[in-house]
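**Student:** model this:
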Amino acid sequence: MKTRVLISSPIFHQSGTFNLFRRSSPLHFLAVFRYLVTKSTANCNSREKTKLDLGNINGLDDALRLFEKMTKARPFPSFKQFTQLLSRLVNLKEYSASILLFKDICNLGVSVDEYTMNVAMNSYCLSNRADCGLSILALFFKRGSVPTVVTFNTLLKGLFREKKIAEAQELFTKIVREELCDLDVIIYGTVIDGLCKSGNTKLAVELLGVMEEGSCKPNINAYTMVIDALCKDRMMDSALNVFDRMSERGIAPDVVTCSALICGYCKTYPDVMIDNAVHLFRAMPVKGLNPNLVTYSSLLQGLFLSGRFSSALELFDELRSVGLKPNFHTYCVLLDGLCKNDRVEEALSLFDELKRKGENRHISYYGIIMDGLCKANRLDQARGIFSELPCIGLEPNVVTYNILINGCCQNGLLDEAKDLFLKMEQAGLLPDCVTYNIIVQGYLKSGEFDGAVKFLEEMSAKGFSQDSSTFTMMLQSTSPKLVS
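**Tutor:** Got it, this is the predicted structure:
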């Protein structure tokens, strides 16, 4: 394996010198945390053996006290113990503290190894500072250390986490081209996952193909990530093709793979493929796979979308009978399915049950119920629920405003709709593309073309576009004028 230096970013150097530990203030970090920690620790002299109990660190103060104790010990504890302390801070999600302590460790002259630097790099990346993580990479080369696949994997995860897709792709290409480390299935998985989550599914499929042809073969996780992304993109034929390739290589699907396919079946063609989803769901236990809450929720949504109301309710009962507890997403699916299948009363009963249990603290629940009431021509009840929100500590959001504005427009109450539009802006909520399309359609439906044009001009000025329904209604409204 070749080892090459990867120092191309301007953050590596400043005026030709390495500047990772340059301080903007003479105040040392040790002085800062001594100020923060209220209880002082006993001094340790050179003959005193320092007892390090890393297992009793339950918070930042504990870590800082121990660090101060370690810095007073003579000789210093080993770099491994310092590294364990940094790792504990990362586990506590105290990333900034981990970074600052790493700098102090280096300034104290304590020798650090590749693992310590990887911990510091991970702290930067988890703090959404992958650019500073790159500076740790420069430190590897400055100290004559060789970055490992773990190092590069950490950097790639950080870049993808910050949605710096182009930078991540460039780094990965450089790693491969210059053979900077031995690639394993984990680093491939990081890149595939990052590409899938950023909408670059086609590239992820191509990379999976590269793995299949190379020496590092894809595992179940790599296949599942690609299948899931294809299903979410409603590309079921491609997803099934990847599934077949996986099966041909002797890799058995797991619960996550099956759940992804069931979700794809249900969302892509619910009327046509719901039977495929049900068949796969029932085949899972035969293969030793127990459907989880995601699996049940996906099929539940598919059954509602395909109009199989009774089967959906039976599945929900089954979900609870096998010991699974419905979560926020499951209840959203259930409430929405009931409303869209003209079972608003049952949705209201479930909503009241959630209130009694104290599980109604989600604005989405209220939005679903309001939408169901509006579509059932029960606008007064929807208004009542909307006005109830501030009383229970929930603030209306753009979605709930849009739902009520739409309800008013559908009932010809344009003045009320416009008033809600203004209140929405006064509340600091910016109308979105959906808001404008709703209100323009409301004016057009009521025959008030001039009012629609006014909002349409405002909508265009803000960079929003008409949806297909608004465009069609505008054409229908202007056609008579063009003829005359």
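
**Student:** in the stretch 351-484 of the chain, where is pLDDT below threshold?
**Tutor:** Applying pLDDT under 70 to the stretch 351-484 of the chain picks out residues 479-484.

**Student:** mind listing the helices in it by residue range?
**Tutor:** 363-375, 379-388, 398-410, 414-426, 433-445, 449-461, 468-483 (DSSP state H, counting those that start in this stretch).

**Student:** kindly reformat these as JSON lines containing mean neighbour count and distance to residue 172.
**Tutor:** Every residue, glycine included, has its C-beta placed from N, CA and C. Conversion of the helices of the stretch 351-484 of the chain to JSON lines gives the following (neighbours: other CB atoms under 10 Å; distance: least, CB to CB, whole Å):
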{"stretch": "helix 363-375", "mean neighbour count": "23", "distance to residue 172": "37"}
{"stretch": "helix 379-388", "mean neighbour count": "16", "distance to residue 172": "49"}
{"stretch": "helix 398-410", "mean neighbour count": "23", "distance to residue 172": "37"}
{"stretch": "helix 414-426", "mean neighbour count": "16", "distance to residue 172": "44"}
{"stretch": "helix 433-445", "mean neighbour count": "22", "distance to residue 172": "35"}
{"stretch": "helix 449-461", "mean neighbour count": "15", "distance to residue 172": "41"}
{"stretch": "helix 468-483", "mean neighbour count": "12", "distance to residue 172": "39"}
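
**Student:** so which of these is nearest residue 230?
**Tutor:** Closest to residue 230 of those, according to CB to CB: helix 468-483, at 25.6 Å.

**Student:** got a list of contacts for stretch 204-213?
**Tutor:** Taking contacts as CB atoms under 8 Å, 6 or more residues apart in numbering, the residues outside stretch 204-213 that touch it are 185, 188, 191-192, 195-196, 217-218, 222-223, 225-226, 229-230, 238, 242, 245, 249.

**Student:** what residues sit buried inside it?
**Tutor:** Residues 204, 205, 207, 208, 211 are the ones in stretch 204-213 that count as buried (16 or more other CB atoms under 10 Å).

**Student:** which ones among those residues lie within helices?
**Tutor:** With DSSP state H as the criterion, helices contain 204, 205, 207, 208, 211 from among the buried residues of stretch 204-213.

**Student:** sorry, back to before: for residue 303, which of the helices of the stretch 351-484 of the chain is the nearest?
**Tutor:** The nearest among the helices of the stretch 351-484 of the chain, by CB to CB, is helix 363-375 at 17.1 Å.

**Student:** what helices or strands is the closest one leaning on?
**Tutor:** Judged by 3 or more CB pairs under 8 Å, 6 or more residues apart in numbering; DSSP states H and E, the packing partners of helix 363-375 are helix 328-340, helix 344-356, helix 379-388, helix 398-410.

**Student:** and those as TSV, adding distance to residue 128?
**Tutor:** As requested, the helices and strands packed on helix 363-375 are exported to TSV (distance: least, CB to CB, whole Å):
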stretch	distance to residue 128
helix 328-340	26
helix 344-356	35
helix 379-388	36
helix 398-410	26
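
**Student:** looking at those, which is closest to residue 362?
**Tutor:** Of the helices and strands packed on helix 363-375, the one closest to residue 362 (CB to CB) turns out to be helix 328-340, at 5.9 Å.
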